[in-house]
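In: Sharing a sequence plus its predicted fold:
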Amino acid sequence: MGSFATRGHTAALGLVARATRTEQPPHALLLLGPGRVGKTTLALDLAAGLLCLAADAAERPCRKCAACRKIAHGNHPDLHILAPEGAGQQIRVGQVQALASDLALLPLEGRFRIAVITSAERLNVDAQNALLKTLEEPPAAAVLVLAADETAGMLPTVVSRCVRLRMGPVASEVIAEMLAETGKVDSSRGAALGRLAGGRPGVALAIAEQPDTALIQARLAGALLDLLHSDRRRRLAAPADLLEDAAALAAAAMGTVSTPAGEPASAAARERPGRRASPAERRSAAQQLLEVWKDVARDLSVAARGGRRELRQHELLDELAAAGDAVDAATAARFLARLDAASRAIDAYANPELVLDALLLEWPRARAA
């Protein structure tokens, strides 16, 4: 089998491997899944496999030939990548028209001309209508791959003309292996980052490359453990600070904000005074907080049952051990299940602040010494 960069998406990789081996890819492929879960990586794996020059199709992509090296450097003449541009971060009709003209030509060096449209949900309506002609009458040697987080903003006529492939979160063990190979983190830290990233390899890599995120994560985990000893008033006052740190963590995961080591996340927020977070940003921050909270609650549940070796957050070992002695094990286990339900509620557009208020009131209370 060829050397594919995608990890964890077994079914998706099977489709790409078959298309590479038979040289019969779908004319239009729509990859769907959360941001940075690996859609673009899979699209480039398909491109590398189809354009690779290795004589044995089973060995494609070889990652050694001239075509594979050009794809790795982003300068293969038969590979075209389209991404959102400008202040509105949209893909506009002019971009699509230029792409359609390129795809109508014969390949220059390979067997196919391949187009990858990243963030395809950002195609505006005019651009999607322009794309329809290529989807309905694809040139013989053209392959079009659309990568989208969701189809809500896409025309049904565009979606229906593509072979759809959904990509879900990757197991934290797979992400840990991938990160360990990069040499950036060890396997235990890699597994924690995989969980923190919600199973999205691209997010885990971004966090691993920004050491500041470990400080923010530890600060969040410590604040949640402190709240075990807090009364109702302090708990209801906590969401603003928790979400501020979580927003910085989410932004770092997407590679958009970096805060100085040891400096509170609010320092980053002050760079954009008066700006109110969008609903999507609030949901993202809340989900990031829940990912940290799940790790803390899982370790708390283990500590409450007397476990020590199984704790994942070694930097908080003493705090977790003390908290485990003061919290009922059954209550901690039930709360862990409650966090999963809360994550689904936020995904379904429940108000993040109200969900967090309810969780903070349900967060187990430490028994008095």
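Out: Great, that's in hand.

In: what residues go with each domain of this protein?
Out: Per automatic domain parsing, the structural domains of the chain span 10-166, 210-362.

In: right, and the ones you listed - which one's nearest residue 185?
Out: Go through those one by one with C-beta to C-beta and the one that ends up closest to residue 185 is domain 210-362, at 9.3 Å. For glycine as for every other residue, the C-beta is placed from the backbone atoms N, C-alpha and C.

In: quick one: low-confidence parts of the stretch 1-150 of the chain?
Out: Low-confidence segments of the stretch 1-150 of the chain, defined by pLDDT under 70: 1, 87.

In: Quick one: the helices in it, in order.
Out: Here the stretch 1-150 of the chain has its helices, by DSSP state H, counting those that start in this stretch, at 10-22, 39-51, 66-73, 93-103, 125-136.

In: Just say which of those helices is most tucked in.
Out: helix 39-51 (a mean of 26; mean count of other C-beta atoms under 10 Å).

In: tell me which strands and helices it is in contact with?
Out: With contacts defined as 3 or more C-beta pairs under 8 Å, 6 or more residues apart in numbering; DSSP states H and E, helix 39-51 has these neighbours: helix 10-22, strand 28-32, helix 66-73, strand 113-117, strand 142-148.

In: 10 Å instead?
Out: For helix 39-51, the packing partners by 3 or more C-beta pairs under 10 Å, 6 or more residues apart in numbering; DSSP states H and E come out as helix 10-22, strand 28-32, helix 66-73, strand 79-82, strand 113-117, strand 142-148, helix 201-208.

In: could I get it in PDB with only the CA atoms?
Out: Extracted as PDB, the C-alpha positions of helix 39-51 are listed here (Å, rounded to 0.1, in the frame of the first residue of the first chain):
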ATOM      1  CA  LYS A  39     -10.200  16.400   5.100                       C
ATOM      2  CA  THR A  40      -7.500  18.400   3.200                       C
ATOM      3  CA  THR A  41      -4.800  15.800   4.100                       C
ATOM      4  CA  LEU A  42      -7.000  13.000   2.600                       C
ATOM      5  CA  ALA A  43      -7.700  15.100  -0.500                       C
ATOM      6  CA  LEU A  44      -3.900  15.600  -1.000                       C
ATOM      7  CA  ASP A  45      -3.400  11.900  -0.400                       C
ATOM      8  CA  LEU A  46      -5.800  11.200  -3.300                       C
ATOM      9  CA  ALA A  47      -4.000  13.700  -5.500                       C
ATOM     10  CA  ALA A  48      -0.600  12.200  -4.600                       C
ATOM     11  CA  GLY A  49      -1.800   8.700  -5.300                       C
ATOM     12  CA  LEU A  50      -3.300   9.700  -8.700                       C
ATOM     13  CA  LEU A  51      -0.300  11.700  -9.900                       C
END
